[in-house]
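Asks: got a sequence here, can you build the structure:
(4 chains)
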Protein chains: 2
Amino acid sequence: MALEHAILVSLDERSGSGYELAQRFEKSIGFFWAATHQQIYRTLKRMVELGWVSCQEVAQDGRPDKKVYEVAEAGREELARWLASPGEPETIRHELSVKVRGASAGDARALAGEIARHRDLHAERLDVYLAIEKKDFPDPSALSGRPLHQYLVLRGGIRAERALVEWCDEVLAALREDDRR
Amino acid sequence: MALEHAILVSLDERSGSGYELAQRFEKSIGFFWAATHQQIYRTLKRMVELGWVSCQEVAQDGRPDKKVYEVAEAGREELARWLASPGEPETIRHELSVKVRGASAGDARALAGEIARHRDLHAERLDVYLAIEKKDFPDPSALSGRPLHQYLVLRGGIRAERALVEWCDEVLAALREDDRR
DNA sequence: GCCGTATATGCAACTAGTTGCACTGCACCC
DNA sequence: GGGTGCAGTGCAACTAGTTGCATATACGGC
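Replies: Presented below is the predicted three-dimensional model:
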C-alpha cells in the first residue's frame, strides 16, 4: 500500500494535522493519490503504532484541538527504502473505456453525451494544472531539488489530462462520423 | 462498481466460462479494467443471482466441465442503463508520481532506476498496442460499430502509454540534469 | 436563539480487491 | 509411475477503500 507513503511524502514536505492532510489530498497530493479523511485518520493511527510518525496534541484558541503529526526517524528510513524499491505498474481501471467498448450494447448518442461530459471535466483539470504551472513554475529550467520534483509530477498530470482530452475528442469525432453513415 | 459491467461487455461480445473471461481480462479487457480470476468467479455468481447472466454447465472431453455464462435480458438492460448513466472520473492512484514527489527524501539515483524500469514497461505495452493496431485495424477510417469501438479503446491505451513513456523520459532527463549541477 | 459553515476527529458497517491455498481432470514426457 | 503443466472452479482470510453518521468548538448572519 502506498497511502502510508503518500502521507510520509506530504508530512516530509510539512508537518500537519489529519485535517490539513485531508485538505492537501483534496487539492495537491490528491491529484495523483486520492484519499478520504477517513482513510487518512485511520492510517495516521497505524503509522504512529509503527513508529513512522510522532504525534503531538496542540491546543488552539477559537478552534478545536488538533493533533500535529511529524515524520519520525523510522518513517524517513521507510520512505527512503520504499522510494528505491520496485513497484508494480498501476492496475488500470478506466470505466469510460469499458463504456466505449460496450457502446454497441446501448445508445451511442447517450454515451457520446457522457464522454463529452468527461472531456470537459478533464479539460477543466488540465486548465487548473496549466494555471499552477504558469504561476508556481515560471522558469522550469532553473528548478532543482524538491521544487523540481513537484514540477515534474505536475507535468505528469498535464500530460495525462491532455491525453485524455484528446482521446475524448477522437472518440466523439469517430462516433459522430459513424452516426452519419 | 464496474466489474459486473466489464464482464457484461465481454460476455456480450462472446459468451464464455469464468476461466475464459479471466484470460480475456489478462490480455484484452484487462488493459483497461484489471481483474483476477477470483473476482471474476465471485462476481459471476452474484450476477446469476441478479439474473443478469444465465449459466449452463458444459461437459467437455479431455477437460474438466465448465460453466458457460451468457448475458440475459436483464443484463442487457442493465448494461444499456449503465452506459448512459453518468460516472465519476477515475480516482487516481499513481504510485510513481508519489515517489517522484518524495524524491528529495531518498536516493535520487535509485529512484531514477525505478523510473527507467517503468519507462521500459510502458514502452513494451505501447509496442503491444501498436502491433495490435497495425494487425487488427489496418484501415481505421473504414471501421464502424463494434470494431470501431474496440479500436477507439485501443487508441486510448496507445495515448496513455505514450504519455507515460514521454513523461518518464522527461523526468529522467530532468533528474540527470539536476544531478550534474 | 438558530442556522450555516469551517475546523477537527473519529466509529461502524459496508463493499471491493488481493493472496494463498485446495481440489479435480487429463495430456504429455521422461 | 512420477512430474509438469494447462484447464477449470472455488473457499477463506486478509487488506484496502467507501459511506454514513456522530461529536465538539466557534464564528458570523438573520
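Asks: state the pLDDT value of residue A:1.
Replies: Note on residue A:1: pLDDT of 77.
Asks: chain center to the lengthiest helix in chain A: distance?
Replies: What stands out as the longest helix in chain A, according to DSSP state H, is helix A:145-180. Taking CA atoms, centre = their mean, to the nearest Å, one finds helix A:145-180 lying 15 Å from the centre of the chain it belongs to.
Asks: how about the strands of chain A, start to end?
Replies: A:16-17, A:53-58, A:66-71 (DSSP state E).
Asks: could you identify which of those strands is most buried?
Replies: strand A:16-17 (a mean of 20; mean count of other CB atoms under 10 Å in any protein chain shown). (Glycine included, C-beta is placed from N, CA and C.)
Asks: using CSV, list the CA coordinates for stretch A:26-33.
Replies: The C-alpha coordinates for stretch A:26-33 follow below in CSV (Å, rounded to 0.1, in the frame of the first residue of the first chain):
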residue,chain,number,x,y,z
GLU,A,26,-8.1,17.4,-1.9
LYS,A,27,-6.0,19.9,-3.8
SER,A,28,-2.4,18.8,-4.3
ILE,A,29,-1.2,15.3,-3.4
GLY,A,30,-4.7,14.0,-4.2
PHE,A,31,-4.2,14.9,-7.9
PHE,A,32,-2.2,11.6,-8.1
TRP,A,33,-3.2,9.7,-4.9
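Asks: run through who's touching it.
Replies: With contacts defined as CB atoms under 8 Å, 6 or more residues apart in numbering or on different chains, stretch A:26-33 is touched by A:2-3, A:6, A:9-10, A:24-25, A:129, A:153, A:156-157, B:92-95, B:97-98, B:101.
Asks: derive a PyMOL selection command for the buried subset of these.
Replies: To isolate the buried subset of those in PyMOL, counting by 16 or more other CB atoms under 10 Å in any protein chain shown, use the following:
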select buried, (chain A and resi 2+3+6+9+10+24+25+129+153+156+157) or (chain B and resi 93+94+95+97+98+101)
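Asks: what's the local residue count around residue A:63?
Replies: Using other CB atoms under 10 Å in any protein chain shown, residue A:63 is surrounded by 8 other residues.
Asks: got it, and residue A:77?
Replies: Look at residue A:77: counted by other CB under 10 Å, it has 12 neighbours.
Asks: one more: residue A:136?
Replies: If you count neighbours by other CB under 10 Å, residue A:136 ends up with 11.
Asks: same question, residue A:132
Replies: Residue neighbour count, defined by other CB under 10 Å, stands at 18 for residue A:132.
Asks: for it, which non-adjacent residue is spatially closest?
Replies: Of all residues not flanking residue A:132 in the chain, residue A:154 sits nearest, at 6.2 Å (CB to CB, 6 or more residues apart in numbering or on different chains).
Asks: list the contacts of the one you found.
Replies: Neighbouring residues of residue A:154 by CB under 8 Å, 6+ apart: A:129, A:132, A:133, A:137.
Asks: coming back round to it: narrow the contacts of stretch A:26-33 to those in helices?
Replies: Cross-referencing the contacts of stretch A:26-33 against helices under DSSP H gives A:3, A:6, A:9-10, A:24-25, A:129, A:153, A:156-157, B:95, B:97-98, B:101.
Asks: near DNA strand C, which residues of chain A show up?
Replies: A:17-20, A:22-23, A:37-38, A:41-42, A:44-45, A:60, A:63-67, A:91, A:93 (CB under 7 Å from any atom of the strand).
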